[in-house]
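>>> Here's a sequence, model it:
(one chain, ligands or ions: 1)
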Amino acid sequence: MFLKFDEWREQYGEIMCLNLAGTRLVVVNSVTAAADILEKQSAVTSGRPRMVMAAEIMCGSLIPAFMTYGLPWRRFRQASHQVFNIRASQAFWPMQEHESELLIRGLFEDQSHLERHLSRLSTSVTWRFLYGGPAIRDPDEDKVKVMNKFVLSVASAAQPGASIVDIFPFLKPLPTWVASWKKNGLEFFKESDVYFMDLFHQAANHKEEASFVNSSLQVAAEFGIPDQEVAWAAGGHFAAGVETTATVLMHFIKAMILYPEACKKGQEQVDQVCGNRIPKFSDRDQLPYVFAMVKEILRWRPPVPCGVPHAATEDLTYGPYLIPKGAIIMDNIWAMSRDPSVFPDYDTYNPDRYLTPDGQVRVSPNPVDEVYVYSHGRRICPGRDIANHSLFIDAAALLWAFDFEKAKGPDGKEITPGTMDFVDNGLAVQPAEYPYHLKPRRANLDELVAHF
Ligand code: HEM
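Residues are numbered from 1 along each chain as shown. Model prediction:
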């Protein structure tokens, strides 16, 4: 979808509209249009399209990411800001440093399953952020399997037209003895509720640990949020956060193979600052190039290229255009990342575009919006600081530990990964599997990882 939208953007410009059997789908293609429609007018563009089966029946309307704009969603965002904000999110730095060590150790011991290592990392960071507890060493652990099954089931029910009740919402009040889809959906909700409440109580019993659940509990009373809502928000946040970081790191390693000069610059800076010890957050100010590398990977391959659909809750206008109430609005992040007037030579991975001539990080070259890859307006991704911190520490650790080389085929020739090969998982878009070879850069990496 994002590639097709990009083609159409060239034809139609900064905003375009499709008619989906009567529903207007408005695609916002430029940062300037997003700043007006999704930010300035966000009081009327922060709704969500209705999802009866996935959001209302299977999740009891308890997942904030699915809620439309209104009091329950606003209350939750205000409360969770206290956990997600940049200062509070620094409480998770020791955990994120530990996870970067586990990543390097895992890849050193067995580099053949890159995707699995990154998925373990992302699962463990997201889990520990939400619930606390020790690292998840095996992504197939039972409790994680149940969570992943929940995510998959809800994602598949959220596909347009997946359930009859989303095509004909007036069927929702039917009794369960007539509507087996409703019976199954409600049973799914009951089982998931037991599971989320159990995770919630386990986390809440360890008050001393920093976690989303514990911090939310401290503010929940103030905002009048019941335990069940905190429990479901945590589960929903897992679904929202788990795939994206792993996806970005998959893109990052591919970029390191394809752009060895940028990789070398990053490694030189890391070596100068950290020498033979793995990077820490305390090195951040001295690693501006690594910072720029993270910004540039998010631009070069934004993991959620079309954003998450918004819905207009009132009529609004943009220039001469009317966007009617009920229209679905898509934030075309991919197109914004490839605007040649902002990012010349946009196809190239070039971290220098984020640096001043004396090598310091500068505000995005994009004059209107610094964080557009996390979307716009009131629904902007609340996990962006957690994600940016993970990406920074993991990218620095990878650069410190490995050289990234092209793998060789059976004929001994190097294989160059394709730059535009993707797997589209619905919202997040990963690179298709690609061959790689990781070469340890430190003679004593075996001794170092033994302490991780
Ligand atoms: C590189 C990593 C990530 C990227 C690029 C990303 C991007 C996005 C985008 C584009 C949206 C849609 C916002 C909108 O509706 O306009 C979103 C929503 C969301 N993200 Fe992230 N995300 C990332 C990581 C995370 C993490 C780590 C968490 C939590 C631990 C998280 C939690 C959420 C939640 C809860 C929402 C729904 C917000 C709402 O509807 O109010 N994200 N994210």
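>>> now the helices for the stretch 251-400 of the chain?
260-274, 288-300, 333-337, 384-401 (DSSP state H, counting those that start in this stretch).
>>> For the closest residue to the ligand within the chain, give me its contacts.
The minimum distance from the chain to the ligand, using C-beta to the nearest ligand atom, falls at residue 383 (2.2 Å). (C-beta placed from N, C-alpha, C; glycine too.) Applying C-beta atoms under 8 Å, 6 or more residues apart in numbering to residue 383 gives the contacts 84, 237, 240-241.
>>> Quick check: residues of the stretch 51-200 of the chain near the ligand?
Neighbours of the ligand within the stretch 51-200 of the chain, by C-beta under 6 Å from any ligand atom: 64-65, 77, 126, 129.
>>> Return the subset of the residues you listed lying in helices.
77, 126, 129 (DSSP state H).
>>> Please report how far the first one lies from residue 128.
So the one you mean is residue 77. 22 Å (C-beta to C-beta, to the nearest Å).
>>> With neighbour numbers in mind, choose between those two.
Set residue 77 next to residue 128 and count neighbours by other C-beta atoms under 10 Å: residue 128 wins out with 22 against 17.
>>> unless I'm mixing things up, that one is touching residue 211, no?
Yes: in this structure, residue 128 is within contact of residue 211 by C-beta atoms under 8 Å, at 7.5 Å.
>>> shaky segments in the stretch 151-300 of the chain?
Applying pLDDT under 70 to the stretch 151-300 of the chain flags no residue at all.
>>> let's see it at 90
Applying pLDDT under 90 to the stretch 151-300 of the chain picks out residues 155-156, 158-162, 206-210, 215-225, 239-243.
>>> Which stretches in it count as strands?
For the stretch 151-300 of the chain, no strands are identified by DSSP state E, counting those that start in this stretch.
>>> Read off the pLDDT value for the residue of the chain closest to the ligand.
Note for residue 383: predicted pLDDT of 93.
>>> Just the ones of the contacts of residue 383 in helices?
Those of those lying in helices (DSSP H): 84, 237, 240-241.
>>> Of all residues in the protein, which one is nearest the centre?
residue 244 (3.4 Å; C-alpha atoms, centre = their mean).
>>> Could you pull up phi and psi at the nearest residue to it once chain neighbours are set aside?
The shortest distance from residue 244 to any non-neighbouring residue, by C-beta to C-beta, 6 or more residues apart in numbering, is to residue 303 (4.8 Å). In terms of degrees, to the nearest 10, the main-chain angles of residue 303 are phi -70, psi -20.
>>> now swap in the one 4 residues further on and tell me
Phi and psi for residue 307, reported as degrees, to the nearest 10, are phi 60, psi -160.
>>> contacting residues around residue 312?
Here residue 312 is in contact with 26, 44-45, 47, 323-327, 329 (C-beta under 8 Å, 6+ apart).
>>> Any chance of JSON lines for those, columns pLDDT, distance to the ligand and neighbour count?
Formatted as JSON lines, those follow (pLDDT from 0 to 100; distance: C-beta to the nearest ligand atom, whole Å; neighbours: other C-beta atoms under 10 Å):
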{"residue": "26", "pLDDT": "97", "distance to the ligand": "14", "neighbour count": "22"}
{"residue": "44", "pLDDT": "97", "distance to the ligand": "14", "neighbour count": "17"}
{"residue": "45", "pLDDT": "97", "distance to the ligand": "9", "neighbour count": "30"}
{"residue": "47", "pLDDT": "96", "distance to the ligand": "10", "neighbour count": "23"}
{"residue": "323", "pLDDT": "97", "distance to the ligand": "16", "neighbour count": "22"}
{"residue": "324", "pLDDT": "96", "distance to the ligand": "20", "neighbour count": "13"}
{"residue": "325", "pLDDT": "96", "distance to the ligand": "18", "neighbour count": "13"}
{"residue": "326", "pLDDT": "95", "distance to the ligand": "17", "neighbour count": "16"}
{"residue": "327", "pLDDT": "96", "distance to the ligand": "15", "neighbour count": "20"}
{"residue": "329", "pLDDT": "96", "distance to the ligand": "9", "neighbour count": "26"}
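>>> Among these, name the ones in strands.
26, 323, 329 (DSSP state E).
>>> show me what contacts the residue nearest to the last one when sequence neighbours are not counted?
With C-beta to C-beta, 6+ apart as the criterion, residue 329 has its nearest non-adjacent residue at 4.3 Å, and that residue is residue 310. Contacts of residue 310 were listed using C-beta under 8 Å, 6+ apart, and they are 38, 45-48, 328-331, 377, 379.
>>> one more time with 10 Å, if that's ok
26, 28, 37-38, 42, 44-49, 68-69, 327-331, 375-379 (C-beta atoms under 10 Å, 6 or more residues apart in numbering).
>>> With residue 131 instead?
Per C-beta under 10 Å, 6+ apart, neighbours of residue 131: 143, 199-200, 202-204, 206, 209, 211-214, 234-235, 238.
>>> Return a PyMOL selection command for the buried portion of those.
Command for PyMOL, covering only those of the contacts of residue 131 found buried under the criterion 16 or more other C-beta atoms under 10 Å:
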select buried, resi 199+200+203+204+211+212+213+214+234+235+238
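>>> So which of the contacts of residue 131 belong to helices?
Going by DSSP H, the helices hold 143, 199-200, 202-204, 212-214, 234-235, 238 from these.
>>> ok, back up a step: for the residues of the stretch 51-200 of the chain next to the ligand, work out which two are farthest apart.
Within these, two members stand farthest from each other by C-beta to C-beta: 77 and 126, at 18.6 Å.
>>> With only the CA atoms kept, save stretch 419-429 in CSV.
This file holds the C-alpha atoms of stretch 419-429, laid out as CSV (Å, rounded to 0.1, in the frame of the first residue of the first chain):
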residue,chain,number,x,y,z
THR,A,419,17.1,-2.3,-0.9
MET,A,420,13.3,-2.4,-1.7
ASP,A,421,12.4,-6.0,-0.7
PHE,A,422,9.8,-5.8,2.1
VAL,A,423,7.4,-8.0,4.0
ASP,A,424,4.2,-6.0,4.9
ASN,A,425,2.7,-7.2,8.1
GLY,A,426,-0.3,-4.9,8.0
LEU,A,427,1.0,-1.9,9.9
ALA,A,428,4.7,-2.6,10.3
VAL,A,429,6.8,-3.2,7.2
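>>> circling back: make JSON lines from the ones in helices among the residues of the stretch 51-200 of the chain next to the ligand and add pLDDT to it.
Compiled in JSON lines, these are given as follows (pLDDT from 0 to 100):
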{"residue": "77", "pLDDT": "88"}
{"residue": "126", "pLDDT": "96"}
{"residue": "129", "pLDDT": "95"}
